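Asker: here is a sequence together with a model predicted from it:
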Amino acid sequence: MNENEAKKRIDELRKLINYHNHRYYVLDSPEISDAEYDEFIKELQHLEEEFPQFLTPDSPTQRVGAAPVEAFGVVEHQIPMLSLGKAFSQEELLAWHKRISGLLGESEFDLVAEHKMDGLAVALIYQDGKYVTGATRGDGFRGEDITQNLKTIKSVPLSLPKGVPSRFEARGEVFLSKKGFKKLNDDRAKAGQPLFANPRNAAAGSVRQLDPRITAQRPLDIYIYGVGQAEGGKTFTTHWETLEYLKSLGFKLNPQNKLLKNLQEAENYYQHWVEERERLPYEADGVVFKVNRHDLQERLGNVGGEPRWAVAYKFPATQATTVLEDIGINVGRTGTLNPFAILKPVNVGGVIVKRAALHNEDDIRRKDIRIGDTVIVQRAGDVIPEVVGPVASLRTGKEKRFVMPTKCPVCGSEVTKPEGEAMSRCTNMSCPAQIFELVKHFVSRGAMDIEGIGEKLAEALLKAGLIKDVGDIYTLEEEKLIGLERMGKKSADNVLKAIEESKKRPLSRVIFALGIRHVGSETAEILAKHFGSIDRLSQATEEELMTAPTIGPTIAESIVAFFRQGSNRKVIGKLKKAGVTMQEKAARPHALPLTGKEFVVTGKLDSFTRTEAETRIRELGGSVGSSVSKKTDFLVVGADPGSKLDRARQLGTKILDEKQFLDMLEGKKK
DNA sequence: CCGCCTCGAGTTCT
DNA sequence: CTCGAGGCGG
């Protein structure tokens, strides 16, 4: 290949790559496969190596691999990057609107609504259509030169179409998607590095890497929201037109931007996203409203370093800081010691939070959470409150590191933490905490389903010594029950009736109810089918157990150990004596209607709870999965479905609404 | 041996 | 809903 041919092919490839890059990273609708794209990149790299005279900084191969710098240079913003005034309530939004309406002498004017991304503001500067400089906002007047780092973001165009102003500055927000943020933190956790508290910190940290090769590995993205400096070229009369123009230049804009007619529509827009923000692929901490017409913007001007023509209306915070007063320990059914945070009560997004999950010891150490720390607490949507991490800068030095007790806080027995496992466990099988949890599990809905025995009664029964293990439930008598708190004849009768009922539960439920470690509802089902009775199951050796599907050495060992334990054999004896199901029911004459079909349920159903629906499916021979996969046959969708619906659509899984599902249960169609 | 897919277990607040 | 871990396929 001679020089001329090479030059021609290089230009061609760059055009091609830029086009497909834009399709993929900006428009989210690729036309070619990743492999084909990589082929183009490879070919271009080869040519550029062979003909280095044609290598230019705006070549798509130059996004990665610039050498690290010692420190960042300074970039002066020709037009300051101002921060926005904030509104925290409807009243404050109203006040903003009223003030500018007064200044303008009219109250109906278009507004542009945008999401306030949880990221960091940057400027991209183009000279004669070529990307030359990228800068952080800094203090608004001077920022840091992060040109090489921003270049690694694939949705940043490196060159613009002909006809753009000779010097052109686009402004936007660099951010991490929720997924990207999570993945980044997961990777850091695995590597034992400190975690980022939120996507903004993560984005800022990534963009301010001295080594652009590190930045290139972070899944950063950018939404452009405006123009800074622009010498020559087009002028626009509204902000919306400016946004359209930016889009036409190849910049990536937030698809949720919207042109609104008045304040009412702005309030609706806000309300909508307060409710829907969980569903967004990125984190937003509010919405921004901007006066659309540029002439009105100019008349309103700036005041106190903030433009009067825009306002950031913040969402209710999902994070708050409070003091971690102590770390408590719960002992679970399987003896696991589960630490939880005891917090100085704090309002997070309208809910008073006093406790929060702290999954395990490693997690506490990884996040370096200490008792007495001021911590960030987060409650996203319906999700359980969790401690994100400490605010290390507020430490006084009096904070105490958490140490997992070596004795069970409930019974005082030895605690072990097997090598390589995340959980510490109490070794005492008859630890009162474990027995209590086991009773709760035994009577719970998915297990023996004894209505009337709940947390309260279970505790009372144990305390009064009426039961010592789950087998004793079947020897309870009316007179004894009536003595207990809030328990009259009527309630006692009901409880006894429910206990009687529970004797009829199928074998699989009984196996599940026993609470054998690693044996949940699915595995119990398999064991019941495979062994047919408790007697055969209890006599099975590890080898025999492992012939059943999904049973490996760990589960097999756990089952054998369970039945070897004398106390467990005694419990089974009691259940047998009471007449609880010990055999799989005789093979049914005809196959159940839903045999072999796997269901997944999402959202709220009207006719019954999700667990009830799942039980019904199992009774009819179907199985229930917890997430949608290739194997799933049907997704049952109730109100307010979660991400499972998206996944089902992706996989083309058959989707049933509640009505169709009920019809199916009644056997109307298959 | 590693990565993917499921299952099991535990959590908070209204 | 999320995390950890068991099972199994590539």
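Answerer: Thanks, I have the structure now. Numbering: from 1, shown residues only, chains lettered A, B, ... in the order given.
Asker: interface residues of the stretch 501-650 of chain A facing DNA strand B?
Answerer: Counting by CB under 7 Å from any atom of the strand, the stretch 501-650 of chain A comes close to DNA strand B at A:517-524, A:550, A:623, A:625-627, A:629-631. Quick note: C-beta positions are derived from backbone N, CA and C, even for glycine.
Asker: neighbour-wise, which of those leads?
Answerer: Ranked by the number of neighbours (other CB atoms under 10 Å), these place residue A:524 first, at 23 neighbours.
Asker: SS state for that one?
Answerer: Counting by DSSP: H, G, I helix; E, B strand; the rest coil, the backbone at residue A:524 sits in helix.
Asker: what of residue A:384?
Answerer: Classification of residue A:384 by three-state DSSP places it in coil.
Asker: residues touching it, list them.
Answerer: The contact partners of residue A:384, taken as CB atoms under 8 Å, 6 or more residues apart in numbering, are A:356-357.
Asker: could you tell me how far it is located from DNA strand B?
Answerer: 4 Å (CB to the nearest atom of the strand, to the nearest Å).
Asker: what about residue A:186, how many residues close to it?
Answerer: 11.
Asker: who are the packing partners of the helix or strand where it lies?
Answerer: Secondary structure assignment for residue A:186, by DSSP states H and E: helix A:178-190. Other elements packing on helix A:178-190 under the criterion 3 or more CB pairs under 8 Å, 6 or more residues apart in numbering; DSSP states H and E are helix A:199-207.
Asker: buried residues of the helix it packs on, list them for me.
Answerer: For helix A:199-207, the neighbour count (16 or more other CB atoms under 10 Å) marks A:199-200, A:202-203, A:205-207 as buried.
Asker: rewinding a little: the helix holding residue A:186 and DNA strand B, any residue contact?
Answerer: No. If you take CB under 7 Å from any atom of the strand as the test, helix A:178-190 misses DNA strand B, and the best it gets is 10.5 Å.
Asker: tabulate the CA atom coordinates of that helix in CSV.
Answerer: Extracted as CSV, the C-alpha positions of helix A:178-190 are listed here (Å, rounded to 0.1, in the frame of the first residue of the first chain):
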residue,chain,number,x,y,z
LYS,A,178,-25.9,3.2,38.4
LYS,A,179,-24.6,0.0,36.9
GLY,A,180,-21.2,1.4,36.2
PHE,A,181,-21.0,2.8,39.7
LYS,A,182,-21.9,-0.5,41.2
LYS,A,183,-19.5,-2.4,39.1
LEU,A,184,-16.7,0.0,39.9
ASN,A,185,-17.2,-0.3,43.6
ASP,A,186,-17.5,-4.1,43.4
ASP,A,187,-14.2,-4.2,41.6
ARG,A,188,-12.6,-1.9,44.2
ALA,A,189,-14.0,-4.0,47.1
LYS,A,190,-12.5,-7.1,45.5
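Asker: can you mark which positions in it are buried?
Answerer: Buried positions in helix A:178-190, judged by neighbour count with 16+ other CB under 10 Å: A:178, A:180-181, A:184-185.
Asker: which residues in the stretch 51-200 of chain A form helices?
Answerer: For the stretch 51-200 of chain A, applying DSSP state H, counting those that start in this stretch gives helices covering A:90-104, A:147-151, A:178-190, A:199-207.
Asker: ends of stretch A:13-28, what's the gap?
Answerer: Taking CA to CA, to the nearest Å, the first and last residues of stretch A:13-28 lie 21 Å apart.
Asker: from the rest of the structure, what touches that stretch?
Answerer: By CB under 8 Å, 6+ apart, stretch A:13-28 touches A:29-32, A:37, A:40-41, A:43-44, A:47, A:59-60, A:154-155, A:157-159, A:221, A:250-252.
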